[in-house]
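Trainee: Fold the following.
(2 chains)
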Amino acid sequence: MDDPINANPTIIDVSELPTRLENENKKGTGEQLVAQIVSLSLLPKSAKVSASSTSSQVPDLVSDSGSEDDEEDEEEDPVDAQEIFDLISSISDPEHPLTLAQLAVVNLADIYVPDHQADKSKICEIVIKITPTITHCSLATLIGLGIRVRLERCLPPRFRIKILIKEGTHQSENQVNKQLNDKERVAAACENDQLLTVISQMLSSCK
Amino acid sequence: MSESIHDPSTVVSQYIACTTAEESANSSDSPKEYSDILSGLVLSKELSLLQFIQVLGPYLTSESELIRPKAIQCISDTLASLRTTNSKILSRQDLTVLLDFLLTKLDDKSSVRFILQCLTNLCQFEKFITFSPLLEKLLTTFLKDYNPKSYLAKVRYESFVLLKTILTIYEIVASSAVFDPFVQSFVHIATGEKDPRNLLISFDINILISEKISFDPVQHKDFLIDLFDVAFCYFPISFTPPANDPYKITANDLKSKLRSAIAGQSLYAKDSIPSLIEKLTSTNPIVRNDVLKTLKLCVQNYEPEVIEQYWLIIWNALKYEILHNDVSIFQPHEDLIVNKNYNELVNDNDEFKPLIITLDIVSILGFKLEDTDDTIQLIVHSVTDELRDNLSNVKDKVFKQSVLLVASLASSCNLAFNKIMDFLFSYEVWGKYLGNEPTTIEPSSLSNSDAMEREVTSDDLTLTVAKQRDLIDNFGFILNSYNAISSRLLNSNKAEYDSFVATNHLLNYKDSLLIFLGQLLQSSSNLEKTLKSKTIQQLKKLIQLKGLLSEDECSLIFGYFNDILVETINEEPKSWDKDTVVQEVKVALRSIMDGSSSKNVELIIQTILPNLLGKLPDSQEETDSDVERILSLIGDLCINYKFLEILSIRLLNKLTYYSQSNSREYYILTVKLLINSIIKTENNHQFLMNSWYKNFVPRFTKSIVNIVNESKDTVNGSVEELIEVSGDLLAIIVRYIEKSHHESILNDFTDCFVNGSKLNYFKIEPPLESLISKQSVFINLYNKILASVNKPAKGVVKIGSVDAIDFIKQDIAFAKDLLNGDETYNVYIHLGYLKNLCLIVNKYYDSELSYLAEYYQLIEEVSLSSSSLSQGFLQDYEIFVWSIKGLIMKIDPLGISYLDKLISLLSCSNGELKSLISKSLSIIMIDLPLFTNVQQSINHSKLISGVQSFNVRLLYKQRIFEIILPTLIEGFNSSTLSSSKSSYLITLSNILQNIPTKILKPHLSTITPLILTSLSIKDSAILKSSLETCEIIIGESSDIIIPHLQSLIPRLVDIVITPNSVNTEEIRLLSLNCLVSVFTKIELKHVLKFQKSTTIKLVQGLDDKRRSVRKLCSDLRQVLFELGR
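Mentor: Model prediction:
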């Protein structure tokens, strides 16, 4: 019937995509068990390291008077390209049952996050270049819009998002770029209920 | 018998009065009582029938519309009672008189219901039965004078009962005088009936008529049409039961009765089959399903001769059901085309269900005609002829549909199967694809010569990969036919099964089929994963077909499978475990090992296992090996105990290589694999592991001891893990050993580890140092065994040769004497002795533990002072807590009383002690695997070995929880200091974490207010425990939390967006998790009003410092955006 125009794209296996998700907390069950058992001891450290540390072992339950300086103890995780990639890689393609990363529409290397992003007082522009699966892909704008909606929902307002078609991958590159970054047109699109339903379907696979 | 004191007329008037009153109230005396008295009088000849009627006379002729029916009812009840006691009592004369009398009354509208009841009773008297003119008279008059249209449903019901009774008692022969009036009467009363209860009985009578009366198709043509019409005019029934239906009649009752009525009489076929087929044009799936089910029943029930006559009509109607539809629901990898339980599995509304029933009918059609060889030949011939063009070309649009049809027909009987095999594998149909020579066709199977005229061009023979896939899938359906026949015969007729297995015609083609599939598997490109997967599915099916393949052929296929595994592992070193073909092989092997003969398991063990094990390196030195994935592949395959046994021995050899310190990781992986495989196999099918104690345990134990001893000096973290997993493996083996062996097992281990005996069972040399004379890490290994052996008989206080009390003393001594050196390692040993203490207290020690009082006194003293806790005290405290744990598990009153005392100390002034007590509660409540009776994952209710290792009372946690919860809540509410509040709360949280939600649920409403208040306390520890509990509450009983949402949601959001030293990353994440639960688990209408405000406020969380918080925050916002969409 109505086969998608590009019915046979190259597909990257999910396991081969760069990601930060799920890579943590990989510990053997045995190890966990040992840790659990050892944690049951009421005295390990206190027994070892002299009496002075007893108080730190049995935690003082009264809060440390909530001194605000302690906030600085928390390490800052910078927003980086990988984080952006993880946010948008699992968006579904509107016409294939695959994600954008599997189709290599979005690539880690095509995401640019400026270095001054840590400074929370400054505006920060993130550039994402997307690669349509074919040069006449009519859905490039829809994909771009999907990415924009996802990021606007997930990033704080100080970030500005610029979505471009990767150079030389689309016949009407300039037009699409213009459309994707035109505030008015994006706002108008977001008021179209039908369009929003499609986008919400694309985002439903997000991890 | 005493002379009756009853006066008949009094009794009759009592009866009349009583039945009149009956409707108003349930009076104590029932009319039955009086009718019984009356029948007693008649039986004892005190009252003649004539006198009885005379006494009733005034009532029978009464003007009152109420009295007359009662009088008749009185006769009816009396007759019923008479009949059941002595059906010979009434003479022919009596019966004639009564019958005449009753028949004249048939026009009395108000009494008809009881007249009919009377007649029903009357016709069951013996003399009535033997004198046929009576029945004839009854029926003719009934037919003439009774007009069903003028009565209510419950009156009409009696007329059906009458006819049904007559039908059950009398032999009504088609030629007899009663035959005509009877059938006419039935048609008379059944016509126009609408009441569901009456319809049910009407269909019943129709079925009975079909069963009992043999009709002559010519002579009784009109009757047959009438009888068919009074049933079929209701088809298809759509019926919705009224709300207060007293008879509880369902649409399904009606449908199935009607179906049996239609299918009950072969002679209906002339009318029923065309009418049913006509109704098949409906587009409503419910109607179509009904039609097809009825048709199926007809095919099943009608005489074979009738079916012979009509098969062509049925076939012509049904084939289009399949040919013109989408048949994607039929999956080639399933074992049967039509699942036996499809009727229950698939709803009648389902649009695919007609397809399933259709195929079922096709196969029943063949089965029905099994014994008529000629007809079967004819059917097969014309069916194959008709579908020949579709079947010879894989590219045909209705290829699959046609295959399904012939496969269904083939699964009907032996002959059809053979004919169809010959046809399908002939050169011009499928033979050409399989590379069969045209000459191999039996000339007889060629229907006509013009088929040969069609030239087979080479174009026909080259199949694209897609078509190859289709072809293979469709082989699957044919194999299903074999499966259907062989399973059916195996269950019904062993001799026929044997002959089928030995002579079926698929045998002639299996070689070429095997070669074809084998070639596809080996020569097609590696990129064609689906093609390979499908080929594997069918090869697996070939193996599983009973009696088809020889052992050599099976082993050939296993060889293919093995090649695939080896090749893929070599060629795709990175991702072979995710390869779909490998997955398919795995599924196939598992399914083969699960169900089929032990021969196949043996073959797998011979062909495939050695190669996989060969892939395991001999030491960690060898690079590039992926032990983990290969082990997990082996583990996935292992569901059969034979396989497991061989595997364990082979792996044991590997373990000796891995015991070198540089391969420790592999050692642990292998042991884990064995544990998982045992659990999985036992889950699948329990078996005893007695032989393992001889074959596996000694060598294994020795190898652990060696490793641990070797690494004593260079202690590294993995020793603890090693001992844990190895101990688990030993424990699980012991659990599956017959419990009578347990005593000697414990003796063996005690001998070796505790006594350090030279001549130990495990041949460990030099003997180990006793673990009660010097602290040793082996205590943890020993604990596992001690924990898993069956609990001793009452009064046994010796463990092997050691007295329990000595053990306890030694444990206490060691617990106070800590080793120096590596920290975790020593803590591990230290806890080993504490756990040992707990175990022995629980299992072996029954008398008073006098030391507890001493320790408690110490604790009490400390609670009064405010000094910080000394190390000595902490050690004493630990001993105390672990001993209590052992006691509490068996709900020992002493343990409970000490626990109670501990909880009450939470109100003391020593802060350190309070937090210590809070923490120790998690020790008491935690479920360590060591202290659980049976692995939870095992789904059998009882262990096959009969082992019960602990003194664990089933509900001990619930008991304990219910005892201490009120104390905790009260303490929390009454204390004013935040530090005291926090110790209660943390104690509670420690307990909650270790309590199954089932126990928790009834108490949630008491805990909730406490949690909600504590959410506003600025203290990390309190917040953490309350958020954790909060999430449990939201998940378990959200209705408790709904009234509090107004305050809860803003509070949680607030915690998320104000990071500070109290609201740490962990707290923020917990809070976000609570919010996620709130918005996903609570009904939409309650949370929708918070959607907008929460979404906006959470923007701040998106700029959190920690990535994990940002991530969860955006996930939550995604949930919120989609809420209610």
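Trainee: any idea which element the residue in the stretch 601-750 of chain B positioned nearest to chain A lies in?
Mentor: Proximity of the stretch 601-750 of chain B to chain A (CB to the nearest CB) peaks at B:E721, 4.0 Å away. (Each C-beta comes from the backbone N, C-alpha and C, glycine too.) B:E721 belongs to helix B:718-735 when elements are defined using DSSP states H and E.
Trainee: And the pLDDT at the residue of the stretch 601-750 of chain B closest to chain A?
Mentor: Note for B:E721: predicted pLDDT of 82.
Trainee: Please apply the same query to A:K129.
Mentor: Predicted confidence (pLDDT) for A:K129: 91.
Trainee: how about B:Q775, what does it touch?
Mentor: Shown in contact with B:Q775 (CB atoms under 8 Å, 6 or more residues apart in numbering or on different chains): B:814, B:817, B:819, B:829, B:833.
Trainee: ok but it is inside a helix, no?
Mentor: No - B:Q775: not assigned to a helix; according to DSSP: H, G, I helix; E, B strand; the rest coil it is coil.
Trainee: gap between it and B:L831?
Mentor: 12 Å (CB to CB, to the nearest Å).
Trainee: Is it correct that the residue of the stretch 601-750 of chain B closest to chain A is in contact with A:V34?
Mentor: Yes - counting by CB atoms under 8 Å, B:E721 touches A:V34, with 5.4 Å between them.
Trainee: Whichever strand or helix holds B:T140 packs against which elements?
Mentor: According to DSSP H and E, B:T140 maps onto helix B:132-145. For helix B:132-145, the elements it packs on are helix B:92-104, helix B:153-169, helix B:179-190, judged by 3 or more CB pairs under 8 Å, 6 or more residues apart in numbering or on different chains; DSSP states H and E.
Trainee: Flag the shaky bits of the stretch 901-1050 of chain B, pLDDT-wise.
Mentor: B:932-946, B:948-954 (pLDDT under 70).
Trainee: could you show me where the helices are in it, in order?
Mentor: B:911-925, B:956-974, B:978-993, B:997-1000, B:1004-1014, B:1020-1036, B:1038-1041, B:1045-1057 (DSSP state H, counting those that start in this stretch).
Trainee: for chain A, same thing?
Mentor: Taking DSSP state H, the helices of chain A run over residues A:29-39, A:44-48, A:54-57, A:81-88, A:140-154, A:173-180, A:183-190, A:193-203.
Trainee: Comparing the ones you listed, which yields the minimum mean pLDDT?
Mentor: Looking at those, the weakest mean confidence is helix A:54-57, a mean of 33.
Trainee: Report the distance from the very next helix or strand once past the helix holding B:E721 to the chain centre.
Mentor: Downstream of helix B:718-735, the next assigned helix or strand under DSSP H and E is helix B:742-749. Distance, stretch centre to chain centre, for helix B:742-749: 39 Å (CA atoms, centre = their mean, to the nearest Å).
Trainee: Equivalent analysis for stretch B:586-598, please.
Mentor: Counting by CA atoms, centre = their mean, stretch B:586-598 comes out at 21 Å from the chain centroid.
Trainee: how about that stretch: buried residues?
Mentor: Residues of stretch B:586-598 classed as buried by neighbour count (16 or more other CB atoms under 10 Å in any protein chain shown): B:586-593, B:596.
Trainee: Just give the closest residue to the residue nearest the centre of chain A, not the sequence neighbours.
Mentor: The centroid of chain A falls nearest to A:L87 when counting by CA atoms, centre = their mean (2.3 Å). Sequence neighbours aside, A:C154 is the residue nearest to A:L87 in space, at 5.2 Å (criterion: CB to CB, 6 or more residues apart in numbering or on different chains).
Trainee: same deal with B:D77?
Mentor: B:S35 (3.6 Å).
Trainee: Please apply the same query to B:F972.
Mentor: Leaving aside its sequence neighbours, B:F972 sits nearest to B:Y984 (CB to CB, 6+ apart; 4.1 Å).
Trainee: okay, stretch B:206-219 in PDB with CA atoms only?
Mentor: C-alpha atoms of stretch B:206-219 as PDB (Å, rounded to 0.1, in the frame of the first residue of the first chain):
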ATOM      1  CA  ASN B 206     -36.200 -31.600  19.600                       C
ATOM      2  CA  ILE B 207     -32.900 -33.200  20.500                       C
ATOM      3  CA  LEU B 208     -34.600 -36.100  22.300                       C
ATOM      4  CA  ILE B 209     -36.900 -36.700  19.300                       C
ATOM      5  CA  SER B 210     -33.900 -36.900  17.000                       C
ATOM      6  CA  GLU B 211     -32.300 -39.400  19.400                       C
ATOM      7  CA  LYS B 212     -35.200 -41.700  20.100                       C
ATOM      8  CA  ILE B 213     -37.300 -41.700  17.000                       C
ATOM      9  CA  SER B 214     -36.000 -42.900  13.700                       C
ATOM     10  CA  PHE B 215     -37.700 -41.200  10.900                       C
ATOM     11  CA  ASP B 216     -38.100 -42.200   7.400                       C
ATOM     12  CA  PRO B 217     -36.800 -39.500   5.200                       C
ATOM     13  CA  VAL B 218     -39.500 -39.900   2.500                       C
ATOM     14  CA  GLN B 219     -42.500 -40.800   4.500                       C
END
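Trainee: So which residues make contact with it?
Mentor: B:164, B:167-168, B:171-174, B:179, B:183, B:186, B:190, B:223-224, B:227, B:230-231, B:257, B:260-261, B:264-265, B:267.
Trainee: could you flag which of the residues you listed are buried?
Mentor: Among the contacts of stretch B:206-219, the ones that count as buried by 16+ other CB under 10 Å are B:164, B:167, B:172, B:179, B:183, B:186, B:190, B:223-224, B:227, B:230-231, B:257, B:260-261, B:264-265, B:267.
Trainee: Averaged pLDDT, the host helix or strand of the residue nearest to B:D77. What do you get?
Mentor: Using DSSP H and E, B:S35 sits in helix B:31-43. Mean pLDDT, helix B:31-43: 80.
Trainee: And for stretch B:747-759?
Mentor: Across stretch B:747-759, the average pLDDT comes to 83.
Trainee: List the buried residues in it.
Mentor: Neighbour count says stretch B:747-759 has B:747-757 buried, by 16+ other CB under 10 Å.
Trainee: Output those in CSV; the columns should cover distance to B:I707.
Mentor: CSV is the format used below for the buried residues of stretch B:747-759 (distance: CB to CB, whole Å):
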residue, distance to B:I707
B:N747, 24
B:D748, 20
B:F749, 18
B:T750, 22
B:D751, 21
B:C752, 16
B:F753, 15
B:V754, 20
B:N755, 22
B:G756, 19
B:S757, 21
